[in-house]
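In: Sequence first, then the predicted structure, then my questions.
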Amino acid sequence: MSGVVPFGARLAAAMDEHGPLCVGIDPHASLLQAWGLRDDVDGLREFSLRVVDALGGRVAAFKPQAAFFERHGSRGLAVLEEVIAAARTAGPAGPGGAGTLTIVDAKRGDIGSTMGAYADAFLADGSPLAGDALTVSPYLGFGSLAPAVELAAATGRGLFVLCLTSNKEGFEVQHARTEVSGQAGPDGVPGGTVAALMAARAAVLNAGAEPMGSVGLVVGATIGDAVAATGTDLVAVNGPLLAPGVGAQGAGERELATTFGDARRNVLASSSRGVLAAGPDPDALVRAARTAAQEAKTALRS
Ligand SMILES: O=c1ccn([C@@H]2O[C@H](COP(=O)(O)O)[C@@H](O)[C@H]2O)c(=O)[nH]1
């Protein structure tokens, strides 16, 4: 990986420059309609590239949601590839290179051998679906993510591991206590709630990284007191914390300020519909993103 700036360092620089906001590219059928576009591949392409054109170089990161591209089949996936490529060069050069970082929200997770194929698709140099980071699901066991962890580290990319998700149904899995509760596992990480265990595993991978490591967590801005309730140590993670739930799901400045405690400097707030609803006028999109970024900055950095 010599010469490649790791994702954690690139994201930290982008958040310092543009504010701690990630804009989700979620081309819902209803948004396409509101923008005067058809719910087909042409509409999907027009919508997504307009977002990149308007906000590229102006926000810390984009988070294209793979599902909205997959629902249009192979031609939709080709649009996702185009969006990732466009973000790479969009807008003025940033501190970690040209363009805007992309976090591909595909939430992949499988047994290790298949995870290797997902890693090749989303994290390998030269793969058209590879952005700067990928969301992954650890619910086949954190260790099943090893191929992605290894390839991300080798290519300077990042991961966001689902930890405490923004939806209310996540509770029954993420707050559950593991069998090894209270005891150290084979790698020295103690048990506890599932969420706390996932965070502790990420912390091991990020140990000693500066300004932060590249193995992040997804921690919704909507989760109330779940960080404390699950005993999840977000400070020890020393990695980026992707916080969806801002805007359309109801979280705002107050929730961002109270949810993350001393880990808030590492938080990247994420809003999709909350910003996209301002379109299609590019100036209105820029204003909406600026307002959301300023609110996130006030909540997380003051
Ligand atoms: O816990 C999670 C993990 C991922 N998401 C994704 O983020 C966006 C949220 O969209 P909004 O329009 O801002 O509500 C969407 O792609 C989700 O799949 C999440 O919401 N919560």
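Out: Ah, there it is.

In: Flag every residue of the chain that's near the ligand.
Out: With CB under 6 Å from any ligand atom as the criterion, the chain comes near the ligand at residues 24, 26, 65, 105, 165-166, 218, 220, 244-245, 247-249, 270-274. All C-beta atoms are positioned from the backbone trio N, CA, C, and that covers glycine.

In: low-confidence ranges in the protein?
Out: Low-confidence segments of the chain (pLDDT under 70): 1-2, 92-98, 179-191.

In: Please enumerate the strands of it.
Out: For the chain, the strands defined by DSSP state E occupy 21-25, 61-64, 101-108, 133-136, 158-164, 215-219, 241-243, 267-271.

In: Looking at those strands, which is nearest to residue 48?
Out: The closest of these to residue 48 is strand 21-25. By CB to CB, the value is 5.4 Å.

In: Which residues are in contact with whichever residue of the stretch 1-150 of the chain sits closest to the ligand?
Out: Residue nearest to the ligand within the stretch 1-150 of the chain (CB to the nearest ligand atom): residue 65, separated by 3.6 Å. Applying CB atoms under 8 Å, 6 or more residues apart in numbering to residue 65 gives the contacts 24, 25, 26, 105, 272.

In: related to what we said a few turns ago, could you save the strands of the chain as a markdown table and add columns showing mean neighbour count and distance to residue 52?
Out: Formatted as a markdown table, the strands of the chain follow (neighbours: other CB atoms under 10 Å; distance: least, CB to CB, whole Å):
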| stretch | mean neighbour count | distance to residue 52 |
| --- | --- | --- |
| strand 21-25 | 27 | 8 |
| strand 61-64 | 26 | 7 |
| strand 101-108 | 24 | 9 |
| strand 133-136 | 27 | 17 |
| strand 158-164 | 28 | 20 |
| strand 215-219 | 28 | 22 |
| strand 241-243 | 30 | 19 |
| strand 267-271 | 29 | 16 |
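
In: nearest to residue 199, of the contacts of residue 65?
Out: residue 105 (19.5 Å).

In: Give the bridge partners for that closest one, please.
Out: residue 65 (DSSP bridges).

In: Please compute how far stretch 115-131 lies from its chain's middle.
Out: Stretch 115-131 sits 16 Å away from the centroid of its parent chain (CA atoms, centre = their mean, to the nearest Å).

In: start to end distance for that stretch?
Out: Start-to-end span of stretch 115-131 (CA to CA, to the nearest Å) is 17 Å.

In: Now tell me what touches it from outside.
Out: With CB under 8 Å, 6+ apart as the test, stretch 115-131 has contacts from 64, 77, 80-81, 84-85, 87, 101-104, 106, 108-110, 134, 144-148, 150-152, 155, 157.

In: can you give me the helices for the protein?
Out: Using DSSP state H, the helices of the chain run over 7-18, 29-34, 41-55, 66-70, 73-89, 112-123, 146-155, 171-174, 194-206, 226-229, 234-237, 253-259, 273-276, 282-301.

In: Report the contact partners of the spatially closest residue to residue 29 that is not a sequence neighbour.
Out: Distance criterion CB to CB, 6 or more residues apart in numbering; nearest residue to residue 29, sequence neighbours excluded, is residue 39 at 4.4 Å. Counting by CB under 8 Å, 6+ apart, residue 39 makes contact with 29, 32, 33.

In: Next, the contact list for the nearest residue to the second one once chain neighbours are set aside, please.
Out: Read that as residue 32. Excluding its sequence neighbours, the residue lying closest to residue 32 (CB to CB, 6+ apart) is residue 43, at 4.6 Å. Shown in contact with residue 43 (CB under 8 Å, 6+ apart): 27, 32, 37.

In: for the last one, what are its contacts?
Out: Remark: with contacts taken as CB under 8 Å, 6+ apart, residue 37 is in contact with 43, 46, 47.

In: Run a quick neighbour tally on residue 46.
Out: 18 (other CB atoms under 10 Å).

In: Confirm for me that residue 89 is in contact with residue 99.
Out: Yes. The criterion here is CB atoms under 8 Å, and residue 89 meets it with residue 99 at 4.9 Å.
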